[in-house]
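Visitor: this one's structure only:
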C-alpha cells in the first residue's frame, strides 16, 4: 500500500519503503560523484547533500523510522557512502568523525530528533488540527510530574510499542527534564541537536 510517498508492506513492515528510498538516495549519491569528478569543491557538495539527500531521508521519518535495524541498515550505508562521495573517501574509510564535524545525524539520531520535535509541538499545542486529532488528546503531559513525562500507554505487542504515538511518548520521556522544560521551540531544537549528537 502506498500513500503520499510512504510504502507500507502487507505485513505492516517498511522494507518496501526503505528499498524505494534507498534507490532515490543512491541517485543523489551518483549525482554527487559526477559533480565531484567535474571539480566541484566539498563545501558545494555538502550543500547538495543537505538540499537533496537529507529531505528524502527526513520525509515522514516519525512514521517509518522505528523500523527494525536490518530494515534501516541500507539507509545507514547510503548515508555513509554519501559522505564518502562528498569528500572523496574510499569505500571502507570511516566517516564517524565526518558526521560529528559537519553536524549530520545518523538515521537513528535523525529519527529521534524528528520525533522529539513532534513531541514538543504536541505538548505545546503547536500541531495542525489533523495531527491534533491523532496525538494531542493522547499526549498530554502531567504538569504535576516533576519530570514532565507523558503518561505511558499499555500495549500488547512490539509492533504497537513501536507505533508513532508510542514512540513520541517514549522518546519525549527519555529526554532530560531541563530540556523538556524549555519553553521555546527554536531553543528546544538547538539544545536537542547538541544533546542527540552526544548520545
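Guide: Nice, I can see it. Please read all numbers here as calculations on a predicted model, not as lab measurements.
Visitor: Chain neighbours aside, what residue packs nearest to the residue nearest the centre of the chain?
Guide: Centroid check for the chain by Cα atoms, centre = their mean gives residue 111 as the closest residue, at 2.4 Å. In this structure, residue 111 finds its nearest non-sequential neighbour in residue 65, 3.3 Å apart by Cβ to Cβ, 6 or more residues apart in numbering. For glycine as for every other residue, the C-beta is placed from the backbone atoms N, C-alpha and C.
Visitor: cool, and residue 56?
Guide: residue 24 (5.5 Å).
Visitor: What about that neighbour, how many residues nearby?
Guide: 15 (other Cβ atoms under 10 Å).
Visitor: which SSE is it in?
Guide: If you go by DSSP states H and E, residue 24 is part of helix 15-37.
Visitor: how many neighbours does the nearest residue to residue 182 once chain neighbours are set aside have?
Guide: Spatial nearest neighbour of residue 182, chain neighbours left out: residue 188 (4.3 Å); criterion: Cβ to Cβ, 6+ apart. Neighbour count for residue 188, taken as other Cβ under 10 Å: 21.
Visitor: Over to residue 52?
Guide: Neighbours of residue 52 (other Cβ under 10 Å): 17.
Visitor: about what we covered before: pull out the buried residues from the helix holding residue 24.
Guide: Using 16 or more other Cβ atoms under 10 Å as the test for burial, helix 15-37 gives 16-18, 21, 25, 28-29, 31-33, 35-36.
Visitor: What of stretch 44-64?
Guide: Buried-residue list, stretch 44-64, by 16+ other Cβ under 10 Å: 45-46, 48-49, 52-54, 56-57, 61-64.
Visitor: With stretch 116-129 instead?
Guide: 116-123, 127.
Visitor: mind giving me JSON lines with those residues and columns for distance to residue 6, pLDDT and secondary structure?
Guide: Output for the buried residues of stretch 116-129, formatted as JSON lines (distance: Cβ to Cβ, whole Å; pLDDT from 0 to 100; DSSP: H, G, I helix; E, B strand; the rest coil):
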{"residue": "116", "distance to residue 6": "21", "pLDDT": "94", "secondary structure": "helix"}
{"residue": "117", "distance to residue 6": "19", "pLDDT": "93", "secondary structure": "helix"}
{"residue": "118", "distance to residue 6": "16", "pLDDT": "89", "secondary structure": "helix"}
{"residue": "119", "distance to residue 6": "20", "pLDDT": "87", "secondary structure": "helix"}
{"residue": "120", "distance to residue 6": "23", "pLDDT": "90", "secondary structure": "helix"}
{"residue": "121", "distance to residue 6": "20", "pLDDT": "88", "secondary structure": "helix"}
{"residue": "122", "distance to residue 6": "20", "pLDDT": "83", "secondary structure": "helix"}
{"residue": "123", "distance to residue 6": "25", "pLDDT": "81", "secondary structure": "helix"}
{"residue": "127", "distance to residue 6": "19", "pLDDT": "77", "secondary structure": "coil"}
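Visitor: now these in TSV, with distance to residue 171?
Guide: Formatted as TSV, the buried residues of stretch 116-129 follow (distance: Cβ to Cβ, whole Å):
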residue	distance to residue 171
116	5
117	10
118	9
119	6
120	11
121	13
122	11
123	12
127	16
